[in-house]
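[1] with the sequence up front, the predicted model follows.
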Amino acid sequence: MAEGTVGTLDSGVSSIAGFSEAGDIHGRLLRADPGSATAVVGSLADEVVWFGQMFTTLRTMVHEQDLMNVIGLDAVAGQVSAVAENLPFAVEPESGVRPVHFHKPIVQVDGSDFLAVAGQVSAIDIGQMTASVDSWSDLSQAARAAASELEAIIGQVQAENEGEAVTAGVNRIEQTVAAARVFATNAESMAGRTAAFAGLTINASIFAAMDASVISQIEDPAERKLAEKAAAARVQRNLQQAVDASLPSGGELISEFGLGAGGQDVEVGLNGHAGYTQGLDIEEVTWPEALVEAAAQGELGPGSFEVADGQIRPVAGVGMPPEQQGLFDRAVQASREPTVV
């Protein structure tokens, strides 16, 4: 990988058990598995080339048949036979469509040391997620472009030829066009799912940092231990929500059928999540943009928040403008509030 290049999702996204496995599954869906999206798009590109070559060959053969009809077989046999021998129909490229098998990962965190857990959450590589969103969108566009090229071939063939063989060939191309468009939709859906992965992870990171800030101020050991367990349970639940939202049910990326998050061997194809742009909006919780950016950069931690008058506040170093304090307060109230000393 070139210096400064952000890689797409893989198991290195996090050291947290279950979350790391989710990153690996995303990597397999996108690039690493034989049935990955990248393999499917490569297969579609090969089919575009193959169909183009086949109909170029067909055009030549039809032209030769026209010569036979006009001039007579005996007159052109010597010319045609030599050419015809050089017109083999190439073998159709192998399809890149294969199931991608996986089981839904279960996120697990250590509730005995929540400050360490908060550090792990802060270290999650959001950059991998955003790079994967871009890759899915690029693959969706590539599939749509392949479908358009194939439709152009269909138009050219139908304009120049007719007959049962041509009709059968056109029907075959139309099947590939339909598959390409289904894949393009599924790839865009995965872009949305991956954006949701990033957004929900940032949401979890913000709450983990707030809880860590509160817990760090608890002096009573028994009270602190209880608070750590409660915070660990919440961050585990939040990260599991992110994993579940990000993964389809598995299966063939080129299928038009889709189910919800989970494992097993079914297909992909659900609507995604808008993700995050100007601030983070998840289930009616809108975080200020500065806070989102800090979380995405791994800059939130136990020192990022303080408690004053029973209310939790970001410290000045987080960079949130004072006028966004109201937005922050509403986001905390709309969510499950962190434990306050």
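    That came in fine, so what should we check first? Only a predicted model underlies this, so the values are computations on that prediction, with no experimental measurement involved.
[2] when you work out contacts or count neighbours from here on, use the C-alpha atoms and nothing else.
    Noted.
[3] tell me the buried residues in stretch 305-314?
    305-307, 312, 314 (16 or more other Cα atoms under 10 Å).
[4] and it, end to end?
    Stretch 305-314 stretches 4 Å from its first residue to its last (Cα to Cα, to the nearest Å).
[5] now do stretch 295-315
    End to end - Cα to Cα - stretch 295-315 spans 14 Å.
[6] run through who's touching it.
    Outside stretch 295-315, the residues that touch it by Cα atoms under 8 Å, 6 or more residues apart in numbering are 115, 118-119, 122-127, 202, 205-206, 208-214, 216, 294, 317-318, 320, 340-341.
[7] buried ones among those?
    115, 118-119, 122-127, 202, 205-206, 208-214, 294, 318, 320, 340-341.
[8] where exactly do the helices run in the stretch 151-300 of the chain?
    Assigned by DSSP state H, counting those that start in this stretch, the helices in the stretch 151-300 of the chain fall at 164-215, 221-246, 289-296.
[9] any chance of CSV for those helices, columns mean pLDDT and distance to Ala131?
    What follows is those, written out as CSV (pLDDT from 0 to 100; distance: least, Cα to Cα, whole Å):
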stretch, mean pLDDT, distance to Ala131
helix 164-215, 86, 10
helix 221-246, 93, 14
helix 289-296, 89, 13
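[10] between those helices, which gets nearest to Ala152?
    helix 164-215 (10.5 Å; Cα to Cα).
[11] the closest one packs against which elements?
    Counting contacts by 3 or more Cα pairs under 8 Å, 6 or more residues apart in numbering; DSSP states H and E, helix 164-215 packs against helix 37-71, helix 114-122, helix 126-160, helix 221-246, strand 276-277, strand 279-282, helix 289-296, strand 305-308.
[12] hey, least reliable of these by pLDDT?
    Lowest mean pLDDT of the helices and strands packed on helix 164-215: strand 276-277, a mean of 31.
[13] let's see stretch 167-179 as PDB, backbone CA atoms only.
    Only the C-alpha atoms of stretch 167-179 are listed here, as PDB (Å, rounded to 0.1, in the frame of the first residue of the first chain):
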ATOM      1  CA  THR A 167     -32.500 -13.400 -30.800                       C
ATOM      2  CA  ALA A 168     -31.000 -16.100 -28.600                       C
ATOM      3  CA  GLY A 169     -27.700 -14.100 -28.300                       C
ATOM      4  CA  VAL A 170     -29.600 -10.900 -27.500                       C
ATOM      5  CA  ASN A 171     -31.600 -12.700 -24.800                       C
ATOM      6  CA  ARG A 172     -28.400 -14.000 -23.300                       C
ATOM      7  CA  ILE A 173     -26.900 -10.500 -23.200                       C
ATOM      8  CA  GLU A 174     -30.100  -9.100 -21.600                       C
ATOM      9  CA  GLN A 175     -29.700 -11.600 -18.800                       C
ATOM     10  CA  THR A 176     -26.200 -10.300 -18.100                       C
ATOM     11  CA  VAL A 177     -27.500  -6.700 -18.300                       C
ATOM     12  CA  ALA A 178     -30.200  -7.500 -15.700                       C
ATOM     13  CA  ALA A 179     -27.600  -9.100 -13.500                       C
END
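[14] still on that earlier bit, most widely separated two among the buried residues of stretch 305-314?
    Val307 and Pro314 (8.9 Å).
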